[in-house]
Structure formats: structure tokens, C-alpha cells
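> this one's sequence-less:
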């Protein structure tokens, strides 16, 4: 027959057990880890000469240090250690380690009180606290006169009682005591107060009768009555929170008036209380030196204390609110509604902080907010309603651009901020010329004023040349022939994986980010329409499955299908196939992913990783370069406050032009006054134009590719019509794009004006001297 024997692996012995540091009440121990693997250690200690049990401290297996606390000062302790593996223990180290704690400071004297007093003396008694491991040598009585609580006056004594004589009658004294041993002085005991205008034999008044508390939205009202004599009595109100150990004074109500009566009412403002916390209150009656017993205790419910809400900041689609309260065991609910609406909407119901940002609000709209607290499943009252109006998008963008200027001023000198940097470029090679000219300069130079000149053109840059330079620059960056961007099915431009074929592509993507940041800072609209992922990359926002729908609709539909269907039988792994230069290879989505099977339990992780891999495959560096360039001009704190829609509207504007609004916000120079028929003919021509022709006219006259958020009313400077009184035969309309002014030749024929205007907006390019 065979016998089964189970062999347990013993834990190795602990070596080099020693004391690393020692204080008066604690010590730090260290040792060498055994060669065998262990689950933990057991440290025991006992005071030298004691027959009591050993104190045990368990230490996890990964540690080689241990702190022993709660030791007595100036004492010798014996310590041993052993290791264990499961239920098997090694032997304790031998001989025991001996350590002696240092001599510590004594603790504060206890039971300090005023035994009695007379008009000019006070009798004090107390008991010694712990001596800190060395005999107490003396005590010091400290006192001063109230209310002028200046420096303490000291009086040294040897015993645990003292009579202070020759004091000032009718004065109010505050006294305390502290102990001294070889190591130094202890902390003082809790002070006592007494007024020397009576004797200690005077009888104390009976306790007040506290009535039920009265609650309101502003305060908690305490009322009480006083049995017996009330003349000359003062009242002392106290309060204590549920998390507080000591009562604290709330108010002292002194007698007043001819009758010498004190009020029997006190209101506690709610702003002094912490929302979500309960309180207990009481009141005592007394003369100046004799205070009577406490009244019955009343409770202020946590429900009674509503948070106090304030508006900290607000933008065009968000509001930051803060409120008073505690985060220990309390949750908060934030509600909001449009001003004037009755229905409240809960924004968050499990907040464990004292501040919240409510997003996705409508611009330029007043909202109301309120907060309540929940402690131990008990809701407080709602806070007072606060109102905030969100900024209009135009105001928000103006503030954001001002922050861009301030951000640039931290990196550029005042001279650089004032004097423009001249940028000479060739119209056909704007990208290469700009890259060559600025590649060695600091990226922050892109926040300086620029003066752009086009080779072979005589135009002066008062804004229009700068705007056209940015448009051409971005058009050339996004040209698919350069392999930096590629068009998606919806026509928007997206970073191309072929960018790796072009040397220095990362620099071009950073240049594109810098140009887009400059467009935002200087309020320029662009022609190129980028994918949502590009805008998210500029702002530093995370990508989602919705973004995949624009990049790879088929994969997006497949991943959506996986969300709601069984995947256990699909034999999927945490990997995907990547085609690179006509070569197909398998890439894991995480370490070892090609060997990890996708199941219904982990498919959410697979979908997230697969989506991220598909969105960032081969273009992660371009997206990072775009973000780096953009946030060099636009500070991250500003980018964080914007949504994709905000940035798209700020950069792309709107190309839809309402003719009636355009005409309403158009200014006429005095020279146009005699030629009202030319103005009427002009607007008739504009009404007959197509949308694309109106966009061409807008760009010809203003050099803006689109209107700013808010439409033509926000165009700056305002669109202006001026009469061209003496032009050559066959002269075309002339645009002063820097000033948004259009000179119209005074043609008496509607047909001639129409033909000349259409010719000017479709067949002209560049700038010259008009």
C-alpha cells in the first residue's frame, strides 16, 4: 500500500533584525527578507521585567520595516520577530532585541479646576498627567486678565495645588497650568475663567427651560424661559456638531436696560452651520462668576441646514457653482432650470464635492440653480435659488481671444508684442516659404503681429493680406497631393497615414496647429473643413465610437453590433490586422492580446481598444503635433472650456448670408448719397446671386471666407459701400478688404454693374494699389 505524505514548505528565518530609529513613544524596526518566500511576519514586544502577554504586530510579506507605536517613554522593551508561510512559522529571533525609548515630555495636567475664590485670591487644584518617563520637577501656573488676553504671567510651584493671592478685585482672570520634567514643558491644561466680584459660596441660578427650536430659511431660533429671579442674569448659549467632541460658545447675552434683564432669544444664522450636519444646542444662566447648570439639549436636524450656493464663474455654455458643506459622508444634489420655467432638472444627484461645473447650457440664457445635501439618507432643505446668465458665444470668444493675448505676453517681450514680424511669401509656395522663414523661430512668434507681403504684389497689409495668407497656408497644408491630409467620404479633411512618406511631416502638422491657433486668436475664418477628430485633437478631447463612423463606417457598424450581440462564438482576440505598404500584419491591442479571447465579459474593453486603434493608427503623432501647435497660441485653460462645435463655429463661421440682414448692417459713405439707384441695383444683384456667389462677394470685399458667429452684424469693421466717382472706362469694382469697403463705379446701367461685379469676384486674384 502507498502512503500519501504532504510536505509543507517552512518559512525561512529572519536575519539582521535591528532598530532603525527610536523616539520617546515609538520605534522603527528593519530586517532582511528570508531567502524563502513568506506570506508575512509576526513582531512581538514586551516591556523589560513585565510578566504580561507579548504584544503582537502583523506585517505583510512584502514589507521589511515596521513601526511600533504606543510605547512608554524612558522604558526598555524586548522585541522578537518570526516569519510565516501559510500556517507554518519560523522560530522567533534569539536573543530578543532590546531597545530603550527616549525620555519624552510630560502630558498636560488633568482635572485642573478652580476649587474656590474670593475677592482677591483663587485656589487651584489639579492632578499630574503622565510624567513622560522622568519625574515631574515642577508646575507653572499661568494667568492673565480678560478681556485683554495678552502675555501669560507665570508662577512656579512644586505641588498639585496653589492659592494665588493679591489679585485685582472685580477683574476676570483666565488661568491654566503646565508640567515640567527633564525633557521640558508639557502642553497647558484647559484654561479656567473666574470673575472676582463674588465668592464661590454664591448660589448658582437654575437651568433655563429651552423651548422647541423654530426653523426658517435664514436662521434657527432658540427661545427659553428662566425660572426664579431674572434680574442681573446673563445667558450663555453653546453648540456642538455631531463630529465635534467639545461644546463651543455660541453667544453671550448680557443684561441691559433699567430692569437689568437679558433677552431670552437667539437666532443662529444658517450660514454659520455646515450643511448636511446635525447639531445640538443648550443654554446656561449665570452671574458674572457663577454659571448655573445646562438646560435640556435640543437638536438641529441636518435637514434644517441648507447649503449656501454661490456662482464662481460662467461661460457661454457652462456655469461653475460652489457651496458650503462637508464632504465627510454627505452627498449633494444639483438642480437647474431656465429662468421663468417651473420644472427643475436634476443635473447631478451623487456629488461628493463642494463645487460643480454644469455644462451644455444654451448661450446668453439665464439659468437658476439650487443644491441640497443628504446625510444618513436625510435630505436637507434646498438652498436659496441663485441665477446666472451664460455668456453669448461672441462674448465668450472675445474673452478667449483676450486670454490668448495675455498668454502670448508671458512669452514675448513688449517690443515683440507691439512691432509686427514681416513675412514675405510667394503666393504659389506659401507653405514652404512660411515653414522656411519661421522654422528656426520660437513657436510663440506665431502670436506676434504679422505683416504679410506677397511677392510681385503691391498690396499693403492692414489685415486682409494676413487673412488670405492664412487661408492659402491651410489650403496648401490640406492639399491631398501633399499626403498630409486625405478627404473622407463626407468631404472633410483627415490626417493621412501616408504622411510618413514625407520627410518632416510632423513639423508641417505642428505648423497647421499653429496656423489654426492664429486663426482663432485673430478671428480669421478658414475654407478647409476638417474632421471632428482634428478639432478634438486641437482641444485635447478624447475620441469616441461616433468619430469612427466618419473614418471607417463599416468598422463602426461592426463594433456597434458587438455591443448588443453574443461574441463568445466569434473566435475574436485582442488584436487586429494592419495593412502597411501592401503587407498585412497582426498587431495586438494590448500586451499578449493575440492570445486573449474576446468574450461577453471583456468585449467592452475590446471595443474601446479597437476603436482607439482604428482612429489613431499611424496618425497619433500628427494629432499630437496639431494639439501642440494649437495650444502654443491658445492656452490650454481656454481650449478646455470649448466644445468641438464652438471651435468649428469660431474657425469656420457661417457661409449662409441673409441679404436682408446684410443690407441692414451695411454702412454708406457720404459719396453714395446722390447715387441711391446704384445702391438699389447692387442689392438687387446680390439677391439674384447664388449662395456660392455671395460667399465670393463676401471674400472679395472683406477677405473673410465666412461670417463670424453672430452673422453679418458681428463683422468688424462693418461692410461699407463707397461711390467710385472717377474711374477709367470699363473700371471694375474695387475692394479695400482690410477695411471691408467696396467701391462701386457709378454706372447708370444695372446690366453693366452686374457684369462688372461678377467679373471682379470671379476672375481677380491678389492685391494691388487701386
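The structure has been received and is ready for your questions. Because the structure is predicted, anything quoted here is derived from the model rather than measured.
> where does the stretch 601-750 of the chain have low pLDDT?
Using pLDDT under 70 as the threshold, the predicted model of the stretch 601-750 of the chain has low-confidence ranges 705, 726-730.
> And the helices in it, which stretches?
Under the criterion DSSP state H, counting those that start in this stretch, helices of the stretch 601-750 of the chain are mapped to 603-616, 620-633, 636-639, 644-652, 659-664, 676-688, 691-702, 750-763.
> okay if I get those helices as CSV plus distance to residue 122?
All C-beta spots, glycine's among them, are computed from the backbone N, C-alpha and C. CSV is the format used below for the helices of the stretch 601-750 of the chain (distance: least, CB to CB, whole Å):
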stretch, distance to residue 122
helix 603-616, 74
helix 620-633, 69
helix 636-639, 61
helix 644-652, 72
helix 659-664, 87
helix 676-688, 98
helix 691-702, 89
helix 750-763, 100
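> highest average neighbour count across those?
Ranked by mean neighbour count, the helices of the stretch 601-750 of the chain are led by helix 620-633 with a mean of 22 (mean count of other CB atoms under 10 Å).
> same for that helix, what does it pack against?
Other elements packing on helix 620-633 under the criterion 3 or more CB pairs under 8 Å, 6 or more residues apart in numbering; DSSP states H and E are helix 393-409, strand 493-495, helix 505-521, helix 532-539.
> among those, which is nearest residue 186?
Nearest of the helices and strands packed on helix 620-633 to residue 186, taken as CB to CB: helix 393-409 at 54.5 Å.
> And the contacts of the closest one?
The set of residues that contact helix 393-409 without belonging to it, under CB atoms under 8 Å, 6 or more residues apart in numbering, is 315-316, 363-364, 391, 417, 444, 447-448, 517, 520-523, 633-635, 637-638, 641-642, 646, 649-650, 708-710, 714.
> what mean pLDDT does it have?
Confidence over helix 393-409, taken as the mean pLDDT, stands at 89.
> Around the nearest residue to residue 389 once chain neighbours are set aside, how many other residues sit close by?
Take residue 389 and drop its neighbours on the chain: the residue closest to it by CB to CB, 6 or more residues apart in numbering is residue 366, 4.4 Å away. When neighbours are counted by other CB atoms under 10 Å, residue 366 registers 12.
> related to what we said a few turns ago, would you format the helices and strands packed on helix 620-633 as CSV with distance to residue 158 included?
Converted to CSV, the helices and strands packed on helix 620-633 look like this (distance: least, CB to CB, whole Å):
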stretch, distance to residue 158
helix 393-409, 68
strand 493-495, 86
helix 505-521, 78
helix 532-539, 74
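> Between helix 505-521 and the host helix or strand of residue 470, find me the angle.
Taking DSSP states H and E as the criterion, residue 470 maps to helix 464-477. When axes from the mean of the first three to the mean of the last three CA atoms, to 10 degrees is applied, the directions of helix 464-477 and helix 505-521 differ by 140 degrees.
> Which positions within helix 464-477 qualify as buried?
464-474, 476-477 (16 or more other CB atoms under 10 Å).
> Counting by contacts, list what the next helix or strand after it packs against.
Sequence-wise, the next helix or strand beyond helix 464-477 is strand 485-487, with elements assigned using DSSP H and E. Counting contacts by 3+ CB pairs under 8 Å, 6+ apart, strand 485-487 packs against strand 493-495.
> Residue 526 versus the closest residue to residue 488 other than its chain neighbours, what's the distance?
By the measure of CB to CB, 6+ apart, the closest residue to residue 488 outside its immediate chain neighbours is residue 494, 5.2 Å from it. Per CB to CB, to the nearest Å, residue 494 is found 15 Å from residue 526.
> Identify the residues contacting residue 174.
For residue 174, the contact set (CB under 8 Å, 6+ apart) comprises 143-146, 149, 191-193.
> Kindly apply the preceding question to residue 568 instead.
With contacts defined as CB under 8 Å, 6+ apart, the neighbours of residue 568 are 599-600.
> And for stretch 433-449, what's in contact with it?
With CB under 8 Å, 6+ apart, stretch 433-449 has contacts from 404-405, 407-408, 411-412, 416-421, 423-426, 469, 473, 507-508, 510-511, 514-515, 517-518, 521, 629, 632-633.
> Flag every buried residue along stretch 394-405.
Within stretch 394-405, the residues that qualify as buried by neighbour count (16+ other CB under 10 Å) are 394, 396-397, 400-401, 403-404.
> same question but for stretch 498-508, I mixed them up
Under 16+ other CB under 10 Å, the buried positions of stretch 498-508 are 498-500, 505-506, 508.
> any idea how far it is from the chain center?
Averaged C-alpha coordinates place stretch 498-508 at 36 Å from its chain's average position (CA atoms, centre = their mean, to the nearest Å).
> Same check on stretch 734-751?
Distance of stretch 734-751 from the chain centroid (CA atoms, centre = their mean) equals 52 Å.
> start to end distance for it?
With CA to CA, to the nearest Å as the measure, stretch 734-751 spans 18 Å from end to end.
> tell me which residues of that stretch are tucked away?
Within stretch 734-751, judged by 16+ other CB under 10 Å, the buried ones are 734-747.
> between those residues, which is closest to residue 75?
For the buried residues of stretch 734-751, the closest approach to residue 75 (CB to CB) belongs to residue 738, at 87.8 Å.
> How about that closest one, nearest residue that isn't a chain neighbour?
When the adjacent residues along the chain are set aside, residue 738 lies closest to residue 462, with 3.5 Å between them (CB to CB, 6+ apart).
> Now that neighbour. Its backbone dihedrals?
When read as degrees, to the nearest 10, the backbone of residue 462 gives phi -110, psi 20.
> okay, now it: neighbour count?
For residue 462, the number of neighbouring residues by other CB under 10 Å comes to 12.
> pLDDT value on it, please?
Among the per-residue scores, residue 462 shows a pLDDT of 82.
> for residue 375, same thing?
Residue 375 is assigned a pLDDT of 77 by the prediction.
> out of the buried residues of helix 464-477, who's nearest residue 374?
Each of those was scored against residue 374 by CB to CB, and residue 474 proved nearest at 52.0 Å.
> Out of the buried residues of stretch 498-508, which one has the lowest pLDDT?
For pLDDT, the smallest value among the buried residues of stretch 498-508 belongs to residue 500: 79.
> So that one belongs to a strand, correct?
No. Counting by DSSP: H, G, I helix; E, B strand; the rest coil, residue 500 is not part of a strand but helix.
> Next, the contact list for it, please.
Under the criterion of CB under 8 Å, 6+ apart, the contact list for residue 500 reads residue 618.
> That one and residue 167: what is the separation?
From residue 500 to residue 167 the distance is 91 Å (CB to CB).
> What of residue 306?
Taking CB to CB as the measure, residue 306 and residue 167 are separated by 48 Å.
> ok, back up a step: how much space is there between the residue nearest to residue 738 and residue 740?
To residue 740, residue 462 is 11 Å away according to CB to CB.
> about what we covered before: can you tell me which of the contacts of residue 174 has the most neighbours?
Result: residue 143 is most packed of these (other CB under 10 Å), 19 neighbours.
> In three-state terms, label the residue nearest to it when sequence neighbours are not counted for me.
For residue 143, ignoring the flanking residues on the chain, the nearest one in space by CB to CB, 6+ apart is residue 175 at 4.3 Å. Each residue gets one of three states, and residue 175 gets strand by three-state DSSP.
> How about residue 175: which residues does it bridge to?
Taking DSSP bridges, one finds residue 143, residue 192 as the beta-bridge partners of residue 175.
> My guess is it contacts residue 190. True?
No. Because the distance of 10.6 Å does not satisfy CB atoms under 8 Å, residue 175 is recorded as not touching residue 190.
> Which one's more surrounded, these two?
More neighbours sit around residue 175 than around the other of residue 175 and residue 190, counting by other CB under 10 Å; the figures are 23 against 12.
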